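Asks: Pasting the sequence and the predicted coordinates here, then a few questions.
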Amino acid sequence: MNARRAAGRTLTTILLLLGAGLVLLPFVWMLSLSLKPADEIFAPGIDLLPSRIEWRNYVKAFEEVTLLQFLLNGVIVCGGILFFQILIAVPCAYALARRQFWAKGLIFGLVLAGLLVPYHVTAIPIFLGLAEVNLLNTYWALIIPFVISVFGIFLFRQFFATVPNDLIDAARVDGLSETAIVWRIAFPNAWPAVSAFAVFSVVAHWNDLFWPLIAISDPALATPPRGILYFRDEEAGSDFGPLMAAATVVTAPLVLGFLLAQRRFIQGVTMSGLKG
């Protein structure tokens, strides 16, 4: 029995390592290309290690385009979206988890239905609406379509459902209003769920190319994925060394952020599924 368990664990470990290798391979290749001189990028054969490290690619990545501005735009847009998503999702989730009202089941059903609708479906109506109020080519055009997150409402609702009733009742006995309970009791206890949701939200909108490609045309407002497109040159072609260097710079904050928040992220995802 012990031998079978050991063999099973070994096989599981091997499969996990193979899966991790497949997932990480594009990132390793991207980093490799970002450090290669131009004459080695299209050389025959596959060599992960360059013959010499071309740091100039990273310098050119910041010289050829306003990469710092793109990164700043990404921080502003992702931060703004996350702020409004939490501001709206937390009270809604608390009401669905802890309050009793006649339309509770119907509203929660609509939230679940909203999870099935990709935002691409509503892109054209939202684009036309923003055009009518002259908000295209602004930060608001990148933020407003995502301020309500049905996934956030669902995630927080699942977490708030695990909060002990005694804690909420004690807060009510102390005279706290429902609004005060949301932000002073429920929200501080939901940091694992907040961390998990923040990772999902920031990664999704930092990497989003579809909506910025539609909503903005001003290079000064370009988000990181939108900004990387400016490396393309129809006449000269793409300069792949600086392009891969820029992609590495754009990806690095997400990797570092996840590594710093991984414990909270795993805790939030796990605890949010404990109770329906």
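Replies: Noted; the coordinates are in hand. Keep in mind it's a predicted model, so treat the numbers as computed, not measured. Numbers count the residues shown, from 1 in each chain.
Asks: Touching, K36 and L243? I think so.
Replies: No. The criterion here is CB atoms under 8 Å, and K36 misses it with L243 at 11.9 Å. (Glycine included, C-beta is placed from N, CA and C.)
Asks: Need the CA coordinates for the helix or strand harbouring I181. CSV is fine.
Replies: Assigned by DSSP states H and E, I181 belongs to helix 178-181. The C-alpha trace of helix 178-181 is given here as CSV (Å, rounded to 0.1, in the frame of the first residue of the first chain):
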residue,chain,number,x,y,z
GLU,A,178,-26.0,47.7,8.5
THR,A,179,-23.6,50.0,6.5
ALA,A,180,-21.3,50.1,9.5
ILE,A,181,-21.4,46.4,9.8
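Asks: How about the next helix or strand after it, which residues are buried there?
Replies: Moving toward the C-terminus from helix 178-181, the next helix or strand (DSSP H and E) is helix 187-189. Applying a neighbour-count criterion of 16 or more other CB atoms under 10 Å, one finds F187 buried in helix 187-189.
Asks: and the next helix-or-strand element following helix 187-189, what other elements does it pack with?
Replies: Sequence order places helix 191-206 as the next helix or strand after helix 187-189, per DSSP H and E. The contact analysis (3 or more CB pairs under 8 Å, 6 or more residues apart in numbering; DSSP states H and E) places helix 191-206 against helix 67-98, helix 150-160, helix 240-271.
Asks: Can you tell me what sits against the helix or strand just after the first one?
Replies: Read that as helix 67-98. As assigned by DSSP H and E, the chain's next helix or strand after helix 67-98 is helix 104-114. Residues outside helix 104-114 that contact it (CB atoms under 8 Å, 6 or more residues apart in numbering): 95-96, 150, 153-154, 157.
Asks: If you rank the residues you listed by neighbours, which is first?
Replies: Counting neighbours by other CB atoms under 10 Å, I153 leads the contacts of helix 104-114 with 27 neighbours.
Asks: Report the contact partners of it.
Replies: By CB under 8 Å, 6+ apart, the contact list for I153 reads 89, 92-93, 96, 111.
Asks: As TSV, those with pLDDT and distance to R52 would be great.
Replies: Formatted as TSV, the contacts of I153 follow (pLDDT from 0 to 100; distance: CB to CB, whole Å):
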residue	pLDDT	distance to R52
A89	94	50
C92	93	56
A93	92	54
L96	91	59
V111	89	55
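Asks: Most neighbours among those, which one?
Replies: For the contacts of I153, the largest neighbour count, defined by other CB under 10 Å, is 26 neighbours, found at A93.
Asks: follow-up on the earlier one: check which helices and strands the helix holding I181 is in contact with.
Replies: helix 67-98, helix 165-173.
Asks: residues of the last one that come out buried?
Replies: If you call a residue buried by 16+ other CB under 10 Å, then helix 165-173 has these buried ones: 168, 171.
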